[in-house]
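>>> sequence plus predicted model, see below.
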Amino acid sequence: MPNQQTLNEFETAAMPHMNDLYRTARRILGCQTEAEDVVQETYLQAWKSYHRFESGTNIRAWMFKIMFHVIHHHRRKAYRLVTVKEEESFVFDQLTYDPPVPQELRDEDVLAALDRVPENYRAVILLADVQEFSYKEVAETLDIPIGTVMSRLNRGRKLLRSTLSDLAASYGFSPAREAAQMAA
């Protein structure tokens, strides 16, 4: 049974990262309740494994690695529980809604564009660009080679840039190069 000092050390080290873990889980999973469940499970697993954590190393990276393992586990479990034939469709897939055109790009637009990036690229973008992990930390967190991190980050950024460019064009915005040429 862990003592109070160990509990205090864990809370002091791990709790400041809860918001970052939640935001990343929310972006990866796209569902608030799933993200909350994953973060809760992450902290439970981290607490159970805290005796194996090496003091002085990056607890933030350690927590993110645990979270991605939990996400992977949840996905495997969900795939076993829900099987949908490819030809089946849901009612909400058939609904269309044309929102009014906003005057400027909003945070929601950027986040929606990020959500359209495939998950394996999105995870790398979130860890490297949003959470500011090094390539090595991203590789360790996702258990992939550093070269794959760099490749996915490059491709993911291109996909995000393309999606945002298309979105901006649909709002009537010109790409920065065109705007600079028009001004000259």
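That came in fine, so what should we check first?

>>> helix or strand for E54, which one?
Secondary structure from DSSP states H and E places E54 outside every helix and strand.

>>> got the domain boundaries for this structure?
1-91, 97-184 (automatic domain parsing).

>>> what is the burial count for R155?
16 (other C-beta atoms under 10 Å). In this view, the C-beta of every residue, glycine as well, is placed from N, C-alpha and C.

>>> C-terminal to the one helix or strand in the chain whose mean pLDDT sits lowest, what's the next element?
The weakest-scoring helix or strand in the chain, judged by mean pLDDT, DSSP states H and E, is helix 91-94 (a mean of 48). Counting by DSSP H and E, the next helix or strand C-terminal to helix 91-94 is helix 107-116.

>>> elements contacting the next helix or strand after that next one?
Downstream of helix 107-116, the next assigned helix or strand under DSSP H and E is helix 119-125. Applying 3 or more C-beta pairs under 8 Å, 6 or more residues apart in numbering; DSSP states H and E, one finds that helix 119-125 contacts helix 18-29, helix 107-116, helix 135-142, helix 146-170.

>>> which one of these lies nearest to T12?
Ranking the helices and strands packed on helix 119-125 by proximity to T12 (C-beta to C-beta) places helix 18-29 first, at 12.6 Å.

>>> list the buried ones in stretch 116-126?
117, 121-126 (16 or more other C-beta atoms under 10 Å).

>>> for these, which one is nearest F68?
Of all the buried residues of stretch 116-126, F68 sits closest to A123, with 7.2 Å by C-beta to C-beta.

>>> show me the contacts for the closest one.
A123 is in contact with 28, 68, 142, counting by C-beta atoms under 8 Å, 6 or more residues apart in numbering.

>>> what's the neighbour count on the second one?
Yep, that's F68 we're talking about. The burial count for F68: 20, using other C-beta under 10 Å.

>>> for the stretch of helix or strand F68 belongs to, packing partners?
Assigned by DSSP H and E, F68 falls within helix 59-81. Under the contact definition 3+ C-beta pairs under 8 Å, 6+ apart, helix 59-81 sits against helix 4-14, helix 18-29, helix 32-49, helix 135-142.

>>> which residues does that helix contact?
13-14, 17, 20-21, 24-25, 28-29, 34, 37-39, 41-42, 45-46, 49, 53, 123, 127, 131, 133, 137, 140-143.
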